[in-house]
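*Asks:* Fold the following, please.
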Amino acid sequence: MSAGVVIVGAGQAGFQLAASLREAGYADPITLVGDESDLPYQRPPLSKAYLADKITASGLELRPAAYFDDHHIHHRPGLRAVAIDRPGRRLLCADGEAVAYDHLVLATGTRNRALPVPGAGLAGVFQLRSRADADRLKAALPEAQSVVIVGAGFIGLEFAGICAARGLAVTVIEAADRPMARAVSAETAAYFTRAHAGAGVRFLFGTGIVAVEGEGRATAVRLGDGSAIATDLVLVGIGVVPNQELAEAAGLTVGDGIHVDAVLATDDPAISAIGDCARAPSRFADGAPVRIESVQNALDQGRCLAARLTGRPAVYDAVPWFWSDQGPHKLQIAGLAAPADTSVVRPVPAGLCVFRFRDGRLSAVETVDRPGDHMAARRILAQGLALTPAAAADPGHDLKALATGR
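*Replies:* Numbers count the residues shown, from 1 in each chain. Here you go, the predicted structure:
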């Protein structure tokens with residue numbers, strides 16, 4: 001009897017693979033192993049709609065429990081994988097169980113980077129990765145008056161927007177000279193700095209913290225210059241690291257992610273990797289391997305791998321895109337920009353539209369509150385259409401017409 005496909009990781013990528021396999025007619029067993037006790041759920045709303053009480057816990061679920069039974073997907077919640085027996089094609093678990101596989105897929109995601117300072121373990125210091133993390137934050141917010149956020153990335157700024165809307169005093173501490181420094185242009189960073197500051201958020205750039213202080217519970221953060229900021233809630237959002245230990249211990253190639261080829265296969269033909277943990281070559285990075293943390297990437301890699309496992313192999317070639325809801329504004333990014341890429345700002349009546357260019361070629365488009373421009377940018381990048389910096393700067397140059405060939 002076939003052992004089928006075993007998927008380690010019941011997040012967006014792992015679930016999408018299981019669903020796409022069934023949609024493609026895969027008839028052998030599918031086992032979805034997750035170390036959380038919940039049904040597979042969406043993570044992006046945790047720092048947005050869920051914290052703002054605009055969506056319930058059940059509303060986060062990717063599918064109800066009946067879906068897994070109806071589609072014969074064996075969901076194994078609360079099961080932690082600890083090793084891979086490659087010669088025996090078995091996944092070894094913490095409870096002693098060995099799960100046989102014909103093909104193993106690592107969709108292990110990432111984990112939050114820990115704050116390496118004294119006091120990081122005090123009560124009142126939070127991270128936000130799981131629904132349990134979000135529930136703890138939701139329980140603490142009603143009692144909070146002053147919030148310190150360490151890290152001005154997407155999660156930190158989304159949470160800043162939530163807190164500012166509640167009338168809380170919010171301070172964001174960031175080691176770089178601007179928010180989202182690794183993700184967006186200086187122009188987009190400046191737009192969001194102004195937007196958040198206008199809502200009452202205070203930024204401290206070029207600053208780090210050396211300690212969280214308090215007796216049992218955080219009451220202040222100590223900065224590198226010796227000053228302190230009083231607070232009763234600290235959120236740490238200083239990036240993530242890929243969960244690559246299973247792959248590394250099994251002798252697979254890793255390095256800031258599990259290395260895969262253009263069809264998402266690892267060194268072992270019986271093992272693939274997808275989602276936030278996978279580092280794959282991308283034409284949008286000039287063929288270099290990249291690890292992309294986005295729902296889009298998780299979904300598209302799940303679909304791509306399902307096609308290969310059901311006899312329709314194709315190179316993974318989806319346009320990367322991202323979004324972030326911060327206060328009343330929606331940031332959307334299509335493509336992959338490098339720090340040295342130049343920026344061209346298109347004059348628009350509202351929001352923001354920034355085109356990024358590398359050696360005269362469009363590499364990415366950043367928009368704020370302009371969904372039509374974002375969709376056009378995705379089509380332009382997918383088709384590799386030519387757009388000059390001069391045309392990008394011209395508001396009379398119709399992006400939609402270029403994207404649709406009309």
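
*Asks:* So residue 340 belongs to a strand, correct?
*Replies:* No: going by DSSP: H, G, I helix; E, B strand; the rest coil, the assignment for residue 340 is coil, not a strand.

*Asks:* Can you name the residues that contact residue 343?
*Replies:* If you count contacts by C-beta atoms under 8 Å, 6 or more residues apart in numbering, residue 343 has them with 185-187, 354-357. C-beta coordinates here come from the backbone N, C-alpha and C atoms, glycine included.

*Asks:* Narrow those to those that are buried.
*Replies:* 185, 354-357 (16 or more other C-beta atoms under 10 Å).

*Asks:* Which helix or which strand is home to residue 74?
*Replies:* Using DSSP states H and E, residue 74 maps to strand 73-76.

*Asks:* CA atoms of that strand as CSV?
*Replies:* C-alpha atoms of strand 73-76 as CSV (Å, rounded to 0.1, in the frame of the first residue of the first chain):
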residue,chain,number,x,y,z
ILE,A,73,-6.6,14.4,4.3
HIS,A,74,-5.2,13.0,7.5
HIS,A,75,-4.6,16.1,9.6
ARG,A,76,-2.3,15.3,12.6
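
*Asks:* can you pull out the strands in the stretch 51-200 of the chain?
*Replies:* Along the stretch 51-200 of the chain, counting by DSSP state E, counting those that start in this stretch, strands occupy 73-76, 81-85, 90-93, 98-100, 103-106, 110-112, 125-126, 146-150, 169-174.

*Asks:* closest to residue 15 out of those strands?
*Replies:* Shortest distance between residue 15 and the strands of the stretch 51-200 of the chain, using C-beta to C-beta, is found for strand 73-76: 8.7 Å.

*Asks:* returning to that earlier point: make CSV from the strands of the stretch 51-200 of the chain and add mean neighbour count to it.
*Replies:* Formatted as CSV, those follow (neighbours: other C-beta atoms under 10 Å):
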stretch, mean neighbour count
strand 73-76, 19
strand 81-85, 17
strand 90-93, 19
strand 98-100, 16
strand 103-106, 28
strand 110-112, 17
strand 125-126, 21
strand 146-150, 24
strand 169-174, 23
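
*Asks:* Let's have these in TSV, adding mean pLDDT and distance to residue 60.
*Replies:* Formatted as TSV, these follow (pLDDT from 0 to 100; distance: least, C-beta to C-beta, whole Å):
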stretch	mean pLDDT	distance to residue 60
strand 73-76	98	16
strand 81-85	98	23
strand 90-93	98	26
strand 98-100	98	26
strand 103-106	98	23
strand 110-112	97	18
strand 125-126	98	18
strand 146-150	98	23
strand 169-174	98	25
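
*Asks:* closest to residue 288 out of those strands?
*Replies:* Of the strands of the stretch 51-200 of the chain, nearest to residue 288 by C-beta to C-beta is strand 110-112, at 19.6 Å.

*Asks:* In terms of pLDDT, where does the closest residue to residue 397 other than its chain neighbours sit?
*Replies:* Leaving aside its sequence neighbours, residue 397 sits nearest to residue 391 (C-beta to C-beta, 6 or more residues apart in numbering; 4.5 Å). On the pLDDT scale, residue 391 is placed at 95.

*Asks:* Within the helices and strands, which one has residue 300?
*Replies:* Using DSSP H and E, residue 300 falls in helix 295-309.

*Asks:* Average pLDDT for that helix, rounded please.
*Replies:* When pLDDT is averaged along helix 295-309, the result is 98.

*Asks:* is it fair to say residue 378 lies in a helix?
*Replies:* Yes: read with three-state DSSP, residue 378 is one of the residues of a helix.

*Asks:* the helices in the chain, which residues?
*Replies:* Using DSSP state H, the helices of the chain run over residues 12-23, 57-60, 65-70, 131-140, 154-165, 186-198, 245-249, 295-309, 371-383, 389-393, 399-404.

*Asks:* per-residue confidence for residue 401?
*Replies:* The model reports residue 401 with a pLDDT of 89.

*Asks:* ok so, going back, Throw the strands of the stretch 51-200 of the chain into a markdown table and include distance to residue 403, thanks.
*Replies:* Formatted as a markdown table, those follow (distance: least, C-beta to C-beta, whole Å):
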| stretch | distance to residue 403 |
| --- | --- |
| strand 73-76 | 37 |
| strand 81-85 | 43 |
| strand 90-93 | 44 |
| strand 98-100 | 45 |
| strand 103-106 | 34 |
| strand 110-112 | 32 |
| strand 125-126 | 41 |
| strand 146-150 | 37 |
| strand 169-174 | 35 |
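
*Asks:* pLDDT weak spots in this structure?
*Replies:* Applying pLDDT under 70 to the chain picks out residues 406.

*Asks:* domain ranges for it?
*Replies:* Following automatic domain parsing, one finds the domains of the chain at 5-111+240-309, 114-236, 328-404.
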